[in-house]
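K.L.:
Kindly return the folded structure for what I paste below:
(one chain, ligands or ions: 1)
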Amino acid sequence: MKKRFLQVENLAQRFPIAGRNKSLTVFEDISFGIERGEFVCIIGHSGCGKSTIMNALSGLDAPTEGVVIMDGKEVSGPSLDRGVVFQNYSLLPWLSALDNIIFGVRARWPKWSRQKIREHSHEYLHMVGLQEVEHRKPGQLSGGMRQRVSIARAFATQPKLLLLDEPFGALDALTRGVIQDELVSICASTAQTVFMITHDVDEAILLADRILLMSNGPEAVIAEDVVVDLPRPRKRGTVINQPGYYSLRNHLLDFLVNRSEAARTATTSAAPAIINPIREASGGPLPHAVNA
Ligand SMILES: Nc1ncnc2c1ncn2[C@@H]1O[C@H](COP(=O)(O)OP(=O)(O)OP(=O)(O)O)[C@@H](O)[C@H]1O
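P.N.:
Numbers count the residues shown, from 1 in each chain. Below you'll find the predicted structure:
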């Protein structure tokens, strides 16, 4: 079997239940892969185990069983090869926006000169449009600006894999849209490999090459590996006009509303079924949108 850049093999996670001689099986026998340069989103109801999978990919937590192999090496702890952006920004409050990025860049390339580190960090602050506020500390920035600094810092360290855990969850719709557009263009220009958790079906369609659909927990499975067969570059305002957009969107919503519970017992194989709703629908008329 062809090995992908990131290979997740038979992952299981169990946590002891306090005061009981039992454990909680969050998921078992999860396998999937990601190609270099791919953008993969994972969607599933609250508590199904998305963050637990991300923790295993980042190396922050060891799985109970199974392995994660990145670029031929087993993930056995955190590494600067993997950048993580959380919902709550995790910036250092005593450093300016620019110094927060410099901090990450210096850790990544300790032998670089001060000037090179500064220029490189500047470039990424510029990329997210924050050059005007480089001297401000996180407490003097809006939530959206703070999240842009986090994203700039993560991209500036050029990790082999970028892990995004609902990075826009706390932002208002307008700011979220602006940063999504930035993410689309940064990913297009850097071919960054990304694994992202989101609850937002439209965001996943805008950004992803593939969307993994997770059944409800406990004992969750990745039931489907949905191909997002829409041309790039995608734009927020026009992607909805692409043929097949609503077939894809309805497929995802139908899973979340109607199928995510039963999928847990219906899925028998560790590798999820590969589904291409756009291609499947291309022969017939497009269905109407489901109200989200
Ligand atoms: N350290 C831990 N100890 C015990 N149980 C845990 C631990 N971490 C996670 N869990 C449990 O594992 C399950 C999956 O949690 P996880 O945070 O991965 O879900 P999620 O899909 O990311 O949820 P959400 O969308 O709400 O963030 C939950 O039932 C949670 O309570």
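K.L.:
Any stretches of the chain with poor pLDDT?
P.N.:
By pLDDT under 70, the weakly predicted segments of the chain are 1-2, 89, 267-270, 283-292.
K.L.:
ranges for the strands of it?
P.N.:
Using DSSP state E, the strands of the chain run over 6-16, 23-34, 39-43, 65-70, 73-74, 82-85, 161-165, 194-197, 210-214, 222-227, 273-275.
K.L.:
Let me see the residues that make contact with the third one.
P.N.:
Yep, that's strand 39-43 we're talking about. With contact meaning Cβ atoms under 8 Å, 6 or more residues apart in numbering, strand 39-43 is reached by 34, 50, 53, 187, 192-199, 201, 203-204, 207-214, 222, 252, 256. All C-beta atoms are positioned from the backbone trio N, CA, C, and that covers glycine.
K.L.:
Just grab the bridge partners of Lys73 for me.
P.N.:
Met70 (DSSP bridges).
K.L.:
Quick check: buried residues in the lengthiest helix in the chain?
P.N.:
Identified as the longest helix of the chain according to DSSP state H is helix 173-190. By neighbour count with 16 or more other Cβ atoms under 10 Å, helix 173-190 contains the buried residues 175-177, 179-180, 182-184, 186-187.
K.L.:
Which other helices and strands does it contact?
P.N.:
Packing partners of helix 173-190 (3 or more Cβ pairs under 8 Å, 6 or more residues apart in numbering; DSSP states H and E): helix 143-156, helix 201-207.
K.L.:
Now the first one: buried residues?
P.N.:
Neighbour-count burial for helix 143-156, counted by 16+ other Cβ under 10 Å, picks out 144-156.
K.L.:
Now distance to the ligand too, for those residues, in JSON lines please.
P.N.:
Listed next are those as JSON lines, based on distance: Cβ to the nearest ligand atom, whole Å:
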{"residue": "Gly144", "distance to the ligand": "21"}
{"residue": "Met145", "distance to the ligand": "24"}
{"residue": "Arg146", "distance to the ligand": "20"}
{"residue": "Gln147", "distance to the ligand": "17"}
{"residue": "Arg148", "distance to the ligand": "22"}
{"residue": "Val149", "distance to the ligand": "23"}
{"residue": "Ser150", "distance to the ligand": "18"}
{"residue": "Ile151", "distance to the ligand": "19"}
{"residue": "Ala152", "distance to the ligand": "24"}
{"residue": "Arg153", "distance to the ligand": "22"}
{"residue": "Ala154", "distance to the ligand": "19"}
{"residue": "Phe155", "distance to the ligand": "23"}
{"residue": "Ala156", "distance to the ligand": "26"}
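K.L.:
Out of these, flag the one nearest to Pro277.
P.N.:
Ile151 (29.4 Å; Cβ to Cβ).
K.L.:
give me the number of residues near the closest residue to His45 other than its chain neighbours?
P.N.:
Nearest residue to His45 in three dimensions, chain neighbours excluded: Asn216, at 5.3 Å (Cβ to Cβ, 6 or more residues apart in numbering). Neighbours of Asn216 under the rule other Cβ atoms under 10 Å: 21.
K.L.:
next one: Gly139
P.N.:
Gly139 has 9 nearby residues by other Cβ under 10 Å.
K.L.:
Now do the contacts for it.
P.N.:
The neighbourhood of Gly139, defined by Cβ under 8 Å, 6+ apart, consists of Pro93.
K.L.:
got the contact list for the residue in the stretch 101-250 of the chain that the ligand sits nearest to?
P.N.:
When you check the stretch 101-250 of the chain against the ligand by Cβ to the nearest ligand atom, the closest residue turns out to be Gly217, at 5.8 Å. Gly217 sits next to 26-27, 45, 47-49, 264 when contact means Cβ under 8 Å, 6+ apart.
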